[in-house]
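Enquirer: okay, here's the prediction I keep looking at, along with the sequence it came from:
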Amino acid sequence: MATLRLRQRALPVHRPTAQEKLKEAPAFKNPNLGLKKEVLDGLLMMNFRKPSKIQERALPLLLKDPPQNMIGQSQSGTGKTAAFVLNILARIDFTTKQPQALVLAPSRELARQIVGVVRVMGQNVQNLEVLAAIPDQAQRNKALEGQVVVGTPGTVMDMIRRRQLDSKDIQVLVLDEADNMLDQQGLGDQCKRVRGMLRNPKLQVVLFSATFPDDVVRYANEFAPNANQITLKHEELTVEGIKQIYMDCNSEQHKYEVLVKMYGLMSIGSSIIFVKRRDTAAEIEKRMTADGHQVCQLTGALEGGQRDQIIDDFRSGRAKVLITTNVLARGIDVQTVSMVVNYDIPEVDGKPDPETYLHRIGRTGRFGRVGVAVSFVHDKKSWSQLAEIADYFNVAPTKIETDDWDEVEKEIKKVLSSSRAGKNLQGSAKLPA
Ligand SMILES: Nc1ncnc2c1ncn2[C@@H]1O[C@H](COP(=O)(O)OP(=O)(O)OP(=O)(O)O)[C@@H](O)[C@H]1O
């Protein structure tokens, strides 16, 4: 025994040098990642001190040379945007304004938001030009001169066809909300066409989303062959900081009464009310306004310019209550949103739509913050749809009686005043207080 102890003590102890420690640290400035100083400065100015879990896992894979495809999944509000934007900023040649990275997003609002993130993150990068390819934004027939183009698939497709967007030097193609973008009943066709127009044999295809339902996985694998994959099980998808509750209403009319009562009783900060149809959004806006509430609505029925004005007002806090459809269910990042209302339970073809539910409620509780998601049910169908969704994610939303307003207020206030650490951001990124 004594000899063994002696021998153990005699073993040389390796103390990591400062350089080695830095290499191991989960930091953006880890030299293994090779991020440029200007970009690191941008991150500091954004107060991004440490990478979140998805950033920590995805960045080394994304930044590898030669470039490899990636299918990345992580919960809503955990920082997927920064992961793909950092990869783009690392790969671009800034000595030319030729388009080199293309990001596709499902809505005008999300495309504009991503443009904003690239600009802020790249604020210290000389010569960076970021452009939006969305309806009524880009000047017709004027060639796009910018290294990063972010757009909606239809507009991007048109611009490439009209040779307004020169796609020959595109090295990185990102599909944000990729499962939605590859949906065969929706945007899938347009995205495939855009993909087909990109001729670079070394094109890096990057797909990110919080959800990848089984039926889309096959298309994702075809779209981004041999991709590095970071995936989650659906039981792992809900965000801890989002308290899910539901209100059992008696009828459609009762839903409206409960909604108005709720807003009359509480000051909530910013919130989003999701409805199924555009006309419901317009109608609720009209009724709530007539009842003395300050609300606004945004749907695909509005012109681009109007939409921009409304979302900008909501972001800045000038408008606090936003009524909308699934057009804004995904990706929109407004950190002050403390409540999401599912006025109508999300469904596709009459069946519950768990992915959309998850994305909708994910508009609150961003990056470790807390939030409340309130779902309204009013009949057997909506009740069983919510039950199915809850089952899918293995969660149990709390029932709140619609006649006990003290209880409603208490419950919502309790959640919003609590602070909590999200395990999905884990260890690395600092959580907001
Ligand atoms: N490392 C970091 N440190 C601090 N804040 C961060 C960091 N990474 C991201 N954030 C912030 O977290 C918020 C959510 O990020 P982001 O919008 O990229 O989430 P997401 O994962 O794309 O969500 P969704 O699935 O809803 O689209 C943003 O406000 C972003 O600025």
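Expert: That came through fine.

Enquirer: could you tell me which residues of the stretch 251-400 of the chain lie near the ligand?
Expert: Counting by Cβ under 6 Å from any ligand atom, the positions of the stretch 251-400 of the chain adjacent to the ligand are 331, 333, 335, 362, 366-367. All C-beta atoms are positioned from the backbone trio N, CA, C, and that covers glycine.

Enquirer: spatially central residue for the protein, please.
Expert: Gly331 (3.1 Å; Cα atoms, centre = their mean).

Enquirer: that residue against Glu177, yeah?
Expert: Yes - the pair Gly331 / Glu177 is scored as a contact, 5.7 Å apart, by Cβ atoms under 8 Å.

Enquirer: can you work out which residues contact both of these two?
Expert: 105-106, 110, 359 (Cβ atoms under 8 Å, 6 or more residues apart in numbering).

Enquirer: dump stretch 142-151 to PDB, restricted to CA.
Expert: In PDB, the C-alpha atoms belonging to stretch 142-151 read as follows (Å, rounded to 0.1, in the frame of the first residue of the first chain):
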ATOM      1  CA  LYS A 142     -31.300  46.800 -58.700                       C
ATOM      2  CA  ALA A 143     -28.700  44.100 -58.100                       C
ATOM      3  CA  LEU A 144     -28.200  43.300 -54.400                       C
ATOM      4  CA  GLU A 145     -24.800  44.300 -53.200                       C
ATOM      5  CA  GLY A 146     -24.100  42.800 -49.800                       C
ATOM      6  CA  GLN A 147     -22.400  39.700 -48.400                       C
ATOM      7  CA  VAL A 148     -25.400  38.600 -46.300                       C
ATOM      8  CA  VAL A 149     -28.900  38.300 -47.700                       C
ATOM      9  CA  VAL A 150     -31.800  37.400 -45.500                       C
ATOM     10  CA  GLY A 151     -35.200  36.800 -47.000                       C
END
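
Enquirer: what about that stretch, near the ligand?
Expert: No - Stretch 142-151 stays clear of the ligand (Cβ under 6 Å from any ligand atom), getting no nearer than 13.5 Å.

Enquirer: tell me the mean pLDDT over that stretch?
Expert: Averaging pLDDT along stretch 142-151 gives 95.

Enquirer: contact partners of that stretch?
Expert: With contacts defined as Cβ under 8 Å, 6+ apart, stretch 142-151 is touched by 88, 92-94, 96-105, 111, 114-115, 118, 128-134, 138, 156, 159, 163-166.

Enquirer: which of those residues are buried?
Expert: Buried members of the contacts of stretch 142-151, scored by 16 or more other Cβ atoms under 10 Å, are 88, 92, 94, 99-105, 111, 114-115, 118, 128-134, 138, 156, 159, 164-165.

Enquirer: which SSE is the residue nearest to the residue nearest to the centre of the chain when sequence neighbours are not counted in?
Expert: Take Gly331 and drop its neighbours on the chain: the residue closest to it by Cβ to Cβ, 6 or more residues apart in numbering is Leu110, 4.1 Å away. Under the criterion of DSSP states H and E, Leu110 resides in helix 108-121.

Enquirer: and that helix, what does it pack onto?
Expert: Other elements packing on helix 108-121 under the criterion 3 or more Cβ pairs under 8 Å, 6 or more residues apart in numbering; DSSP states H and E are helix 37-45, helix 80-91, strand 130-133, strand 148-151, helix 304-316.

Enquirer: centre of the chain to the helix or strand hosting Thr356, how far?
Expert: For Thr356, the host element (DSSP H and E) is helix 354-361. Here helix 354-361 is found 11 Å from its chain centre; the criterion is Cα atoms, centre = their mean, to the nearest Å.
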